[in-house]
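J.: sequence plus the predicted model coming up.
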Protein chains: 2
Amino acid sequence: QGQEKPREIMEAAKDFAKERYGVSSMIQSQEKPDRVLVRIRDLTVQKADEVVWVRARVHTSRAKGKQCFLVLRQQQFNVQALVAVGDHASKQMVKFAANINKESIVDVEGIVRKVNQKIGSCTQQDVELHVQKIYVISLAEPRLPLQLDDAIRPEVEGEEEGRATVNQDTRLDNRVIDLRTSTSQAVFHLQSGICHLFRETLINKGFVEIQTPKIISAASEGGANVFTVSYFKNNAYLAQSPQLYKQMCICADFEKVFCIGPVFRAEDSNTHRHLTEFVGLDIEMAFNYHYHEVVEEIADTLVQIFKGLQERFQTEIQTVNKQFPCEPFKFLEPTLRLEYCEALAMLREAGIEMGDEEDLSTPNEKLLGRLVKEKYDTDFYILDKYPLAVRPFYTMPDPRNPKQSNSYDMFMRGEEILSGAQRVHDPQLLTERALHHGIDLEKIKAYIDSFRFGAPPHAGGGIGLERVTMLFLGLHNVRQTSMFPRDPKRLTP
Amino acid sequence: QGQEKPREIMEAAKDFAKERYGVSSMIQSQEKPDRVLVRIRDLTVQKADEVVWVRARVHTSRAKGKQCFLVLRQQQFNVQALVAVGDHASKQMVKFAANINKESIVDVEGIVRKVNQKIGSCTQQDVELHVQKIYVISLAEPRLPLQLDDAIRPEVEGEEEGRATVNQDTRLDNRVIDLRTSTSQAVFHLQSGICHLFRETLINKGFVEIQTPKIISAASEGGANVFTVSYFKNNAYLAQSPQLYKQMCICADFEKVFCIGPVFRAEDSNTHRHLTEFVGLDIEMAFNYHYHEVVEEIADTLVQIFKGLQERFQTEIQTVNKQFPCEPFKFLEPTLRLEYCEALAMLREAGIEMGDEEDLSTPNEKLLGRLVKEKYDTDFYILDKYPLAVRPFYTMPDPRNPKQSNSYDMFMRGEEILSGAQRVHDPQLLTERALHHGIDLEKIKAYIDSFRFGAPPHAGGGIGLERVTMLFLGLHNVRQTSMFPRDPKRLTP
């Protein structure tokens, strides 16, 4: 019913064990059997000699005379299973097991047996499963577009030994399979943890979660790099950031807000760190007297994320490290905060020529990251007081130095992960700054009007989720940390 | 600097108290004063006779001879403050305080004084603040587009007594001010709680949070009601649901996933419950043998949300009830599950004529909600086993009855808040069902291909956040529970 049974499988059924194996009919919720399925990670010597049921994928199968060895996989965990001709299995049953296509899902009944020699190739090294029954629940097609073992092979090893690895486009084209590897499982379990730690920390700090619209009537930040949407008989745009809405919530007395959501940038950048759609972790907060109150809250939130990941996701970090070796992520408490002029001095000392009001290029950011790591032994720091000239019009100027601003970026392993600032909360100064930047006041009228009925001083910032995941794990491409990445050349799957 | 000081205010400064009041220069993070700002909700008799600093909005001010009474507001809390001619305040200072525009933000130093008679109009009923200093931090414009007191007036009262209320478009056009009301503050604090409880419950159940793309290459569900996006030189679409991606994650072994994100529907529906962009709380889960395993997890998740709201957000519920009176939300444990045919019988008994394979109309849903409430005393229930004919092609047919399907909706106060089903996980049956629905196979090839390499049986559903908030609180329009609602006629602010 719905799944074809190869003739070979039908023939195999003419034997004494024929009720003990086969292709099950499709699960359509026909019944609610009273059967407990055991998790593979729980198959340890404590369960020795117990009969258990397991549902898992056939990771590999290898026939050897009257035996067939299977590796059964569940997420990051796997166990060896043995089908051997004997009381429980016929020759046909062994052949059936050996012929199950890789990645098929099977229900297996077996006895857990302690092994004398550790099984190095499996996560469950001390036991194997002696199979008594095996049924295919969902049959995979015979030819896989990529091999999972190739997909987790460290690239350097592949190059050295000529063994196969899988290129990025093949991975992304067949993402459903690529996401099954232990590395992908670890990356995205950890990414889920980042979101959880972010919110847990902020809710403990008294923040409120807000939901901001993604379809907007006017391009929020000038109009470049914005996607246009057909909205009934008009045009609309996709929000390039939730900033205006976060600020409106501050003007509406929510005081401390955060949101997690998609951010859209119609930028034709084909680099390792740009996506056209990414996930923003955004914060905005009213402060009392100084924007450093906000900087400290944001930095502490990131520190709590780093600590939480190192405490709760050590298995995942180590799994990723097997394929992508990397130094553990280092950070200081409290977080190192450098002023832009200090960074300029460090770069100049290293031979870089830069003007006082020049922005950092990507290579200079990287170099600065290395210099900071050498000097302070941290992979995470804040760069404060950017030149006013390189920041958006809504950035609060520094009252002590008209060329500086109350703005900051945060860096992980030398790459920017957050950009933020004290915002101008006074409608008159905001108007002046917009005119100075040559912005059409008519287009930002609603934005400026938000501040006309009493607005508290406030600051905030936006964090890129995929970049934080990438840089924490020391990966090299943001497409490895986006489940279904979008860039100028990729819209599928 | 940046804020104009009216001449009147300048003149007022020629008096003995002139250092004790005025308009502060704009806060640009000039300094980090060592001053603790006390929260209004903490102003109780325990603080009597203490000198405190408070930052708050001027909710109202009322001069009376040599005194000025202010109501100072912070989110849902407010306190009375008194500026009286005497040792600390001059006549000019009282006049200054009386003339501060409503909604301006002020820093006030004052002595907390116990009052003999409770102040019924404030949340802090037992104390008032005797002002010694008052400085305007951010001046509001004199004319407010709406009055906060009007905006929280129960509508029936307004009609009866001829007192002003605020219509919905005025509210939404001036959302920054409308969101400051105690009702709005309560609604959106509670909504933040719904998201938090949803995730907390699912993470405890072992779910993984995923992020799914919103820009997609092909219309996911047929092509109707989809927004088109210009994507560089091509067209793309906005996802009408994360369903395909949730299912791909199940095929990629994540087993139990959830996501919270925007959902886009280009539907020209102008009703109390339709938005063109809303927030979806989505769940998808592999199950062992029966989709009821998933139904139970989803229903329990909603029950945990209801319980958590009633435990943690009682203040917010009561605040909303003052403006919008409503019976407390009732639910059963375990959740009531009715089959579609039972619901049909109940409706027919109530005089409704309906065919066996006919979908529920909105009025019939409402009526059914009332019938269920009468019979079972619950505002929340599951309707299971919908006719196959009224569900999408990917819905698993019921193997026992070809006219039924393994699908379900969930209802709150008679309105649908979740739609879900066991999905067809077999590529051959999925192809048959798509053909039966007349769907172009070429357009859903990627979808069907996702199931070719082993797919576990799975089910899920999507919940509308704004609807849950609305129905839990007994509100009547989904625009009340969307911070910045989007409908065919509204794209701003």
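T.: All right, it came through fine.
J.: any idea how far the residue lying closest to A:His189 once chain neighbours are set aside is from A:Thr123?
T.: Using C-beta to C-beta, 6 or more residues apart in numbering or on different chains and skipping residues adjacent in sequence, the residue nearest A:His189 is A:Glu316, 5.4 Å away. In this view, the C-beta of every residue, glycine as well, is placed from N, C-alpha and C. For A:Glu316, the distance to A:Thr123 (C-beta to C-beta, to the nearest Å) stands at 13 Å.
J.: ok, now A:Ile134?
T.: For A:Ile134, the distance to A:Thr123 - C-beta to C-beta - is 21 Å.
J.: what about stretch A:123-132, start to end distance?
T.: 22 Å (C-alpha to C-alpha, to the nearest Å).
J.: go through it and flag the buried ones.
T.: A:123-124, A:126-132 (16 or more other C-beta atoms under 10 Å in any protein chain shown).
J.: determine the longest helix present in chain A.
T.: Taking DSSP state H as the criterion, chain A has its longest helix at helix A:182-204.
J.: quick one: name whatever helix or strand follows that one.
T.: strand A:208-209 (DSSP states H and E).
J.: packing partners for that following strand?
T.: Applying 3 or more C-beta pairs under 8 Å, 6 or more residues apart in numbering or on different chains; DSSP states H and E, one finds that strand A:208-209 makes contact with helix A:182-204, strand A:256-264, helix B:182-204.
J.: looking at the ones you listed, which is nearest to A:Lys91?
T.: helix A:182-204 (33.8 Å; C-beta to C-beta).
J.: how about that closest one: buried residues?
T.: A:182-203.
J.: so which of the helices and strands packed on strand A:208-209 comes closest to A:Gly369?
T.: That would be helix A:182-204 among the helices and strands packed on strand A:208-209, by C-beta to C-beta, at 20.2 Å.
J.: please compute how far the closest one lies from its chain's middle.
T.: Counting by C-alpha atoms, centre = their mean, to the nearest Å, helix A:182-204 is centred 8 Å from the centre of its parent chain.
J.: stretch A:441-455 now?
T.: 36 Å.
J.: contact partners of it?
T.: A:218-219, A:223, A:244, A:247-248, A:250-251, A:425-427, A:430-431, A:434-435, B:57, B:103-105, B:138-141, B:144, B:176-177, B:492-493 (C-beta atoms under 8 Å, 6 or more residues apart in numbering or on different chains).
J.: ends of it, how far apart?
T.: 19 Å.
J.: buried set for it?
T.: Here stretch A:441-455 shows A:444, A:447-455 as buried, counting by 16+ other C-beta under 10 Å.
J.: which residues does the closest residue to A:Phe313 other than its chain neighbours contact?
T.: Spatial nearest neighbour of A:Phe313, chain neighbours left out: A:Leu190 (4.8 Å); criterion: C-beta to C-beta, 6+ apart. Neighbouring residues of A:Leu190 by C-beta under 8 Å, 6+ apart: A:309, A:313, A:316-317, A:320, A:469, A:472-473.
J.: list just the nearest of those residues to A:Tyr237.
T.: A:Thr469 (27.4 Å).
J.: most neighbours, which of the contacts of A:Leu190?
T.: Neighbour counts for the contacts of A:Leu190 (other C-beta atoms under 10 Å in any protein chain shown) peak at A:Phe472, which has 28 neighbours.
J.: surely that residue meets A:Leu309?
T.: Yes. At 6.4 Å, A:Phe472 counts as touching A:Leu309 under the criterion of C-beta atoms under 8 Å.
J.: now for those two: what residues contact both?
T.: A:190, A:194.
J.: okay, now the unreliable bits of the stretch 201-350 of chain A?
T.: A:220-223 (pLDDT under 70).
J.: find the closest residue to chain B in it.
T.: Using C-beta to the nearest C-beta, the closest approach of the stretch 201-350 of chain A to chain B is made by A:Ala252 at 3.6 Å.
J.: now do the contacts for that residue.
T.: Contacts of A:Ala252 (C-beta under 8 Å, 6+ apart): B:175-177, B:179-180, B:184.
J.: how about the strands in the stretch 201-350 of chain A?
T.: All strands of the stretch 201-350 of chain A, identified by DSSP state E, counting those that start in this stretch, fall at A:208-209, A:215-216, A:228-231, A:234-238, A:256-264, A:277-286, A:336-339.
J.: one more: the stretch 351-493 of chain A?
T.: Counting by DSSP E, counting those that start in this stretch, the strands of the stretch 351-493 of chain A are A:380-384, A:397-398, A:401-405, A:407-412, A:415-422, A:458-464.
J.: do you know which of those lies nearest chain B?
T.: Between these, strand A:415-422 lies closest to chain B; by C-beta to the nearest C-beta that is 6.0 Å.
J.: got the contact list for that closest one?
T.: A:273, A:283, A:291, A:294-295, A:298, A:302, A:365-366, A:369, A:391-392, A:394-396, A:405-411, A:457-464, A:467-468, A:471, B:28-29.
J.: rerun that using 6 Å as the cut-off
T.: A:291, A:395-396, A:406-410, A:459-461, A:463-464, A:467-468, A:471 (C-beta atoms under 6 Å, 6 or more residues apart in numbering or on different chains).
J.: please pick the buried ones from these.
T.: A:291, A:395-396, A:406-410, A:459-461, A:463-464, A:467-468, A:471.
J.: quick one: stretch A:106-115 to chain centroid distance?
T.: That offset, for stretch A:106-115, works out to 34 Å (C-alpha atoms, centre = their mean).
J.: buried residues in that stretch?
T.: Residues A:106-113, A:115 are the ones in stretch A:106-115 that count as buried (16+ other C-beta under 10 Å).
J.: looking at the residues you listed, which are in helices?
T.: Going by DSSP H, the helices hold none of those.
J.: out of these, name the ones that lie in strands.
T.: Using DSSP state E, A:106-113 are the members of the buried residues of stretch A:106-115 that sit in strands.
J.: got the residues of the stretch 351-493 of chain A near chain B?
T.: Counting by C-beta under 6 Å from any C-beta of the partner chain, the stretch 351-493 of chain A comes close to chain B at A:396, A:399, A:406, A:426, A:428-429, A:446, A:450, A:452-457, A:484, A:486, A:488, A:491-493.
J.: columns mean pLDDT on top of the strands of the stretch 351-493 of chain A, output as a markdown table?
T.: Output for the strands of the stretch 351-493 of chain A, formatted as a markdown table (pLDDT from 0 to 100):
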| stretch | mean pLDDT |
| --- | --- |
| strand A:380-384 | 98 |
| strand A:397-398 | 98 |
| strand A:401-405 | 96 |
| strand A:407-412 | 98 |
| strand A:415-422 | 97 |
| strand A:458-464 | 98 |
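J.: mind putting these into CSV with distance to A:Pro213?
T.: Putting these into CSV (distance: least, C-beta to C-beta, whole Å) gives the following:
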stretch, distance to A:Pro213
strand A:380-384, 30
strand A:397-398, 30
strand A:401-405, 28
strand A:407-412, 26
strand A:415-422, 21
strand A:458-464, 16
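J.: ok, A:Val94 touching A:Leu82?
T.: No. If you go by C-beta atoms under 6 Å, A:Val94 and A:Leu82 don't touch, sitting 9.8 Å apart.
J.: which of the two has more residues huddled nearby?
T.: A:Val94 (25 against 20).
J.: can you tell me the SS state at that one?
T.: Under DSSP: H, G, I helix; E, B strand; the rest coil, the three-state class of A:Val94 is helix.
J.: what about it, distance to chain B?
T.: 21 Å (C-beta to the nearest C-beta, to the nearest Å).
J.: that residue and A:Cys326: what is the separation?
T.: 43 Å.
J.: do the same with A:Ala350
T.: Counting by C-beta to C-beta - A:Ala350 and A:Cys326 are separated by 24 Å.
J.: and stretch A:478-493, end to end?
T.: Stretch A:478-493 end-to-end distance (C-alpha to C-alpha) = 16 Å.
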